[in-house]
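Participant: Could you work out the structure for the sequence below:
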Amino acid sequence: MKENHPYKTLIICMFFLLPFLGGCWDVKDIDKRLLPLVIGIAKENGDYQVTLQIPITQKENEVSRIVTGKAETVLKVLGQVRTNSEEAVDYSHIELIIIQSNLAANQQEMRELIEFLMHSEEIPSRALVAITDDKIDKVLSNINDKLGVNATSIYNYFNKGAGWAPEITSVHIWEVYRSLYSYTKDMIIPVVRAGNDTVLVYEGSSVLKNGELMAKINPDESQLTKLFQNFNAKGKVESFDLASMMVINSAIKNKASLKNGIPTVTSHLTLKIAILERTKDVSNEQITKELTKLIEKRFYDMFEQAQANQTDLFGFGQLFRQQLSYQELKSWREDFYPRLKVDFQVHVGVD
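Facilitator: Model (predicted):
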C-alpha cells in the first residue's frame, strides 16, 4: 500500500512559491545609507540650487561633506544626488531646511516650495524651516566646518528648552504649510546667518502671510509673539538705563469679545522678574514701571504695523473662531482685523 506523505507535498509547493517571494532584497542597512541632516535651497538664473550637508562613515572615521546640485526642480536635484552618490541617500532624517531670502521673497515660488516639501514622501514634515540672507553654500559650509558629523545638534539651536534663549523662534514644515491656508493666523519664520565664532546668528523672524513675506521683526519682537502662543518668557533678559533683569516666569490671559461687529481682545501679561543689576538708589517700583512701559510700547508699535499690513502675527483671529461663522473667518484679515481693539496690560512683580 502506497503511503501518503502530506508534508512532502507541502514542501514541494513551498519550493515552487519561492521565486514569487520579494523578501527584503532592496532594503539598505542604515550603515549603508547616506543621511543628509541639513538642506539649503536657493534659486539662481531660473534653476534651483540645492545644497546638502551629509555625514559619512569611512571605515573607522566619521567625516561630513557638502554636496550641491542645480536643476529646474528641487526634486530633480535630489534625484541627481541620489544617482551620483556612492551609497543610497535617505532624506528622511533631514532636520533643518534653510531657504535663501531671494527665493522666499517670491510668493508663488515660496508657496510651491512649501507644498512640495510637505507632500514629499521622503522629506519629513517635522523638519524645521529657516530663512537666510546669506548665500546658502556659506551657511551650510559653516555648519559643516563647525559641527561636521555632529550636525544633529543643529536642532537644539532652535529648541534650547525652557529658560534658554526664549526669543528664538522655531517652526516646522507642516506649520508653515498650514499657515498658507489659514484665514486667522500668520506665521513667523526664524532668520539666521552664518556666524564667525558660532554656527549660526539669529537675526529675528520674517512674517509670512499666505506664503508672502510681509515684514521682518527683531528678536525681542519675535519673543513677544511667542508669548501669545503660550511660550514662557523664562530666561529673557531686558535692559535699560535703570537696571537689567531676567524673567523667571510669565503667563498671559486673553479674553475675546464681539459687539456690534467690533472685535475686542483684553490681554493681561504677568511677568515675574529677578533684578540682576540696578543704578544706585533706583527702587523696584521704578524698575517695574519702566519695564511695563517698555513692553507695552513694543506691543502697540508691532500691533499698529501688523494691522496696517493685515498680518495677524499674534494670532488674534484664533480667539474668534467660536464667535464668527466660517464665511466671516474667511474675511477676518480684511473686514474684522482692521477694526480689532486690543487692551494689552503688563503686570510685573519682583521675586
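
Participant: Give me the distance from the helix or strand hosting residue 295 to the chain's centre.
Facilitator: Using DSSP states H and E, residue 295 sits within helix 284-309. Counting by CA atoms, centre = their mean, to the nearest Å, helix 284-309 is centred 25 Å from the centre of its parent chain.

Participant: Can you list the buried residues in the helix or strand following it?
Facilitator: Toward the C-terminus, helix 284-309 is succeeded by helix 326-330 as the next helix or strand (DSSP H and E). The neighbour-count check on helix 326-330 (16 or more other CB atoms under 10 Å) flags residue 329 as buried. Heads up, the C-betas are built off the backbone N, CA and C, glycines and all.

Participant: buried residues in the helix or strand just after helix 326-330?
Facilitator: Per DSSP H and E, the first helix or strand lying C-terminal to helix 326-330 is strand 341-350. Of the residues in strand 341-350, 342, 344, 346, 348 count as buried by neighbour count, 16+ other CB under 10 Å.

Participant: Just put the residues you listed in a markdown table and tack on pLDDT and distance to residue 320.
Facilitator: Conversion of the buried residues of strand 341-350 to a markdown table gives the following (pLDDT from 0 to 100; distance: CB to CB, whole Å):
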| residue | pLDDT | distance to residue 320 |
| --- | --- | --- |
| 342 | 97 | 13 |
| 344 | 97 | 17 |
| 346 | 96 | 23 |
| 348 | 95 | 29 |
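
Participant: Pass me the low-pLDDT residue ranges in the stretch 151-300 of the chain, would you?
Facilitator: 161-163 (pLDDT under 70).

Participant: How are the helices of it distributed by residue range?
Facilitator: 154-158, 173-180, 219-227, 284-309 (DSSP state H, counting those that start in this stretch).

Participant: quick one: the longest one to strand 341-350, angle?
Facilitator: Between the axes of helix 284-309 and strand 341-350, defined by axes from the mean of the first three to the mean of the last three CA atoms, to 10 degrees, the angle is 150 degrees.

Participant: Tell me how many other residues crowd residue 90.
Facilitator: 16 (other CB atoms under 10 Å).

Participant: Model confidence at it, what's the number?
Facilitator: pLDDT recorded at residue 90 is 88.

Participant: my read: it touches residue 52, true?
Facilitator: No - using CB atoms under 8 Å as the test, residue 90 is too far from residue 52 to be in contact (11.6 Å).
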